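Sequence plus predicted model, see below.
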Amino acid sequence: MMNLFGLMNLGQNALSVQQRGLEVTSNNIANVNTPGYSRQKLHMVSSEPMALGSYSEATLAGQYGTGVSADSVNRIRDMYLDNRFREAGQDAAMWQAQRDGLGQVEGIFMELGEDAVNGQLDAFWGSWQNLEQDPQSLAYRQEVLSRGQAVAGSLNRIGNELDDFRMVVQDMIAAEIPGINAMADRIAALNVNIRESLAMGNQPNAELDERDLLLDELSGLADVQISHKANGTVIVSLNEHNLVQEGESMHMVVPPKGADGFADIYWGHDGSSVRFEGGKLGGMVTVRDKIIPDYINQVERFGDSIMDSVNTLHNGGLELSGAVAGDFFQRSASGDLETVFNNPLMVAAAIAGEGRAGNSNALAISQLRDQMHTEYSKIVTNYAQEADEAGTMATMRSATQANLDTERQSVSGVSLDEEMTNMVKYQHAYNAAARLITTVDEMLDTVINRMGRVGR
Amino acid sequence: MIGNFISDIARINDQGMKNQRKISSGLEITKPSDDPVKSSRVLYLRTKIDKVQQFQKNIDHLSMWTRQTNTLQDSMFDTFLRTQELAERGASQTMNNDQRADLAAELDSILEQFVELSNEKIEGYYAFGGNYIDAPPFVATRDAVTNEITSVTLDPAGATEGISSQRTEEVLEGQTETVNELGADLFKNGPVDYFDTLIALRDDMRNNVNHDTNITNVKTAINDINANLARVAGRHQRMETLKFRLEDAELDYTAAKAGYEETDYVKAVMTLQRDQQAYEATLAMGAKIMQTSLLDFLR
């Protein structure tokens, strides 16, 4: 049998455990708005019971409870939800990066503006149709030249701006690297702390939360694989390279820009190139290496097409002087599209054999309108559809991510109502335990002060 | 729950903003990614409208040429009528040689006039000279002594580039119309050679030779001019009709483009109202729910 002091101990234990409970509860309440915080729960267990049937009580079966003890404070976290959340986040970030990139490409093309390439092409063909009316007109000839130069200028501008944008994306990618390196370092440090804490039997809840937050962020950036080891550390790997393993982190290095303005990011430990295939950086790499070059190519091919089509007709036609005409468009040494000549008299409105004031060439060239429109239109439809699709995918995956986050919150998030209830719970238990102590105190008082005072 | 509330509000705001932009700009789509299919239609229609407008301009230009050509042909018609009159007068038995000489003199001036008409210009081109712009197409050989015209040829008889070429303009998809009439076809290679007729008439008149054949030729020439005049006038008429069709087509394309491009205001304003209601309802509900918590009920 437990003696009275033992009972008081029990009461005191109860008090402190309930107080611990209150501490945990108030910690939860205080952190209700902290990002990445998982609510914590006090794990209470009954203390080791004493077996009855000691030498003084031979006949009573059962056990004596000895009260409660606080076993551990655990955080409530669903790793499975975390995984799915990170996957969805990775996808959403990748699609969003592509959507942003395509949005910029669209901005460079400037359609559906009146002065964008489509409008200028129409004006160019229109100027040939005007020339058809009066091939001798200097004004019309000048217009043909100016419109042609405008079209060439626009196509060149688009090509150059796409090139520049590619550099910008490159810089943006490079700018993320120091952040990733820092995160990797921090995760490695946390790994060590967590491993040591767990080895000592502690629950490093705050550090676990911090590490999870970093892992969330890292997942959004790149297609990292996360695996948990039994000793509490995580291995973060990116394409077979271990970004973080135990307490070691590997860094990525951004070299200085090469002659072409590009810097191939490589792993510090073995010099191999870093490949990003998912997350925001994966999306940006796709923009830099696939999307932008694709459109640069399409614009270049269109420029060639218009150059060849017009030149085929223009070549061999007659200038106003009656001389045989050469090409209308050409590519300069730097690859820019330009008109071969600046003299409006050299525009070949007539074809060979019909006299220098003829207009059949002007007519023929003006009829290139439909075919060229179809070709250019394809480019616009291409980027419009790509942008639309990327946007849709980003929205969908974002919504999935948001849903998963809600689920996560319902598991790990602090619900003020629940904490309030817990507070009431612990408070009542505390009161009851205090009442118990008072009771024991009175009993002790009876025993100590009032026993054995017969007759006094 | 609060997270949901925040994201719902953000979404409604987003929609509202998009709608607002549609209303204030009047455009349903501002960039191709808003609606790839619609924008490709819009681009296509813009090109089509531009083409149709250009065709109309071409028709205006063609009409100018047909009108001016007609005017010249009218003058030529009058000229030949006068010629016929003179010819018939000179054929009468009552005329004496002196009177015939006077008639011959007038016929000579008519001939000069006709040559000038044949070399008239329209808008910087010889009306009847094809694509040859370097010199008048019809050249007269003159007698060394009297300086009278002895023959008129298309100089140098079609060997110069372009003198027999016609310009055409596109007036409809793949359809072209001729701009200029060729002098050779009209005046030299028709049923009669106009110049030779006039020259022969004048000479015969002066020489008191019977010119019944010439009178016949003059009449043939008159009919021929008439026929050509009608043909050119007919072309003019066709162009005018075509222009109406093109104007209609332009209206159709413009309306179609507006249908794709422009904001449907009724729909947009109703959507705005609906969004407004959704926004207010969400806010009200959020306020109610967020305020109530267990704290209100605990002592």
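Looks like it arrived, so ask away.

hey, let's count contacts and neighbours off CA atoms from now on
OK.

For the closest residue to chain B within the stretch 1-150 of chain A, which non-adjacent residue is spatially closest?
Distances from the stretch 1-150 of chain A to chain B, computed as C-alpha to the nearest C-alpha, single out A:Leu112 as the nearest residue at 5.8 Å. Taking C-alpha to C-alpha, 6 or more residues apart in numbering or on different chains, and ignoring the residues beside it in sequence, A:Leu112 has B:Lys31 as its nearest neighbour in space, at 5.8 Å.

Might you report the residue contacts of the one you found?
B:Lys31 makes contact with A:106, A:111-112, B:39 under the criterion C-alpha atoms under 8 Å, 6 or more residues apart in numbering or on different chains.

Is it correct that the residue of the stretch 1-150 of chain A closest to chain B is in contact with B:Leu27?
No. Counting by C-alpha atoms under 8 Å, no contact exists between A:Leu112 and B:Leu27, whose distance comes to 11.0 Å.

Compare these two (neighbour count), which wins?
Between A:Leu112 and B:Leu27, counted using other C-alpha atoms under 10 Å in any protein chain shown, A:Leu112 has the larger neighbour count: 21 against 17.

tell me the secondary structure for that one?
Following DSSP: H, G, I helix; E, B strand; the rest coil, we place A:Leu112 in the coil state.

so how far is B:Pro32 from it?
Counting by C-alpha to C-alpha, to the nearest Å, the gap from A:Leu112 to B:Pro32 is 7 Å.

And the pLDDT at the residue of the stretch 1-150 of chain A closest to chain B?
According to the predicted model, the pLDDT of A:Leu112 comes to 84.

what's the helix or strand for B:Ala10?
Secondary-structure element containing B:Ala10, defined by DSSP states H and E: helix B:2-25.

what do you get for B:Arg67?
Remark: B:Arg67 resides in helix B:36-91, with elements defined by DSSP H and E.

Within range of chain B, give me the residues from chain A.
Proximity of chain A to chain B (C-alpha under 8 Å from any C-alpha of the partner chain) is limited to residues A:106, A:111-112, A:118-119, A:122, A:126, A:129-130, A:132-133, A:136, A:353-360, A:363, A:373, A:377, A:380-381, A:383-385, A:387-388, A:406, A:416-417, A:420.

which stretches of the chain have low pLDDT?
As the question left the chain open, I've gone with chain A. By pLDDT under 70, the low-scoring segments of chain A are A:1-2, A:51-62, A:456.

not what I meant, chain B
Judged by pLDDT under 70, chain B has its weakly predicted residues at B:156-159, B:298-299.

So which residues of it form strands?
B:121-122, B:125-126, B:138-142, B:149-154, B:168-172, B:175-178 (DSSP state E).

For A:Gly335, which of these is the nearest?
Between A:Gly335 and those, the shortest separation by C-alpha to C-alpha is 34.7 Å, and it involves strand B:168-172.

ok, residues contacting that closest one?
Contacts with strand B:168-172, where a contact means C-alpha under 8 Å, 6+ apart, come from A:132-133, A:359-360, A:363, B:52, B:55-56, B:58-59, B:62, B:176-179.

Can you get me a residue count around residue 98?
Let's take chain A. 28.

I was after chain B.
Using other C-alpha under 10 Å, B:Asp98 has 11 neighbouring residues.

which parts of chain B sit against chain A?
Where chain B comes near chain A, counting by C-alpha under 8 Å from any C-alpha, the residues are B:3-4, B:30-37, B:39-40, B:43-44, B:47, B:50-51, B:54, B:58, B:61, B:124, B:131-133, B:160-170, B:293-295.

Can you go through these and name the buried ones?
Members of those that pass the buried threshold by neighbour count (16 or more other C-alpha atoms under 10 Å in any protein chain shown) are listed as B:30-33, B:35-36, B:39-40, B:43-44, B:47, B:50-51, B:54, B:58, B:61, B:131-133, B:160-170.

A:His373 sits in which helix or strand?
Remark: A:His373 resides in helix A:369-412, with elements defined by DSSP H and E.

what comes up buried for the next helix or strand after that helix?
Downstream of helix A:369-412, the first helix or strand assigned by DSSP H and E is helix A:416-445. Counting neighbours by 16+ other C-alpha under 10 Å, one finds that the buried residues in helix A:416-445 are A:416, A:419-423, A:426-427, A:429-430, A:433-434, A:436-437, A:440-441, A:444.

Next: stretch B:269-285.
For stretch B:269-285, burial by neighbour count (16+ other C-alpha under 10 Å) applies to B:271-272, B:275, B:279, B:282-283.

Check these against chain A and report the nearest one.
Nearest to chain A among the buried residues of stretch B:269-285, counting by C-alpha to the nearest C-alpha, is B:Thr282 at 18.4 Å.

Identify the residue spatially nearest to that closest one, adjacent ones excluded.
Counting by C-alpha to C-alpha, 6+ apart, B:Thr282 lies nearest to B:Ile9, which is 7.2 Å off, once chain neighbours are set aside.

do B:Leu283 as well
The shortest distance from B:Leu283 to any non-neighbouring residue, by C-alpha to C-alpha, 6+ apart, is to B:Ile9 (7.8 Å).

gap between the one you found and B:Asn223?
Applying C-alpha to C-alpha to B:Ile9 and B:Asn223 gives a distance of 85 Å.

could you list every residue that touches the residue of the stretch 101-250 of chain B found nearest chain A?
In the stretch 101-250 of chain B, the residue found nearest to chain A is B:Gly162; the distance is 3.6 Å by C-alpha to the nearest C-alpha. Going by C-alpha under 8 Å, 6+ apart, B:Gly162 touches A:353-358, B:130-132.

so which of these is the most crowded?
Using other C-alpha under 10 Å as the neighbour definition, the contacts of B:Gly162 reach their maximum at A:Gly358, which records 35 neighbours.

Identify the contacts common to A:Leu112 and B:Pro32.
Shared between the contact lists of A:Leu112 and B:Pro32 (criterion: C-alpha under 8 Å, 6+ apart) are residues B:Ser39.

For the nearest residue in space to B:Val37 that is not next to it in sequence, list the residues it contacts.
Of all residues beyond its chain neighbours, the one nearest B:Val37 is A:Thr381 (7.5 Å), with distances taken as C-alpha to C-alpha, 6+ apart. If a contact means C-alpha under 8 Å, 6+ apart, then A:Thr381 has B:32, B:36-37, B:39-40 as its contacts.

any idea how far A:Asp388 is from A:Thr381?
Counting by C-alpha to C-alpha - A:Thr381 and A:Asp388 are separated by 10 Å.

residues shared between the contacts of the two?
Shared contacts of A:Thr381 and A:Asp388, defined by C-alpha under 8 Å, 6+ apart, comprise B:Pro36.

List the contacts of the residue in the stretch 1-150 of chain B that chain A sits nearest to.
The stretch 1-150 of chain B approaches chain A most closely through B:Ser33 (4.1 Å), counting by C-alpha to the nearest C-alpha. Contacts here follow C-alpha under 8 Å, 6+ apart; on that basis B:Ser33 touches A:106, A:383-385, A:387-388.

rerun at 6 Å
Listed by C-alpha atoms under 6 Å, 6 or more residues apart in numbering or on different chains, the contact partners of B:Ser33 are A:384, A:387-388.

before we move on, what about A:Leu42?
Residues in contact with A:Leu42 (C-alpha under 6 Å, 6+ apart) are A:21, A:73.

No further queries at this time; thank you.
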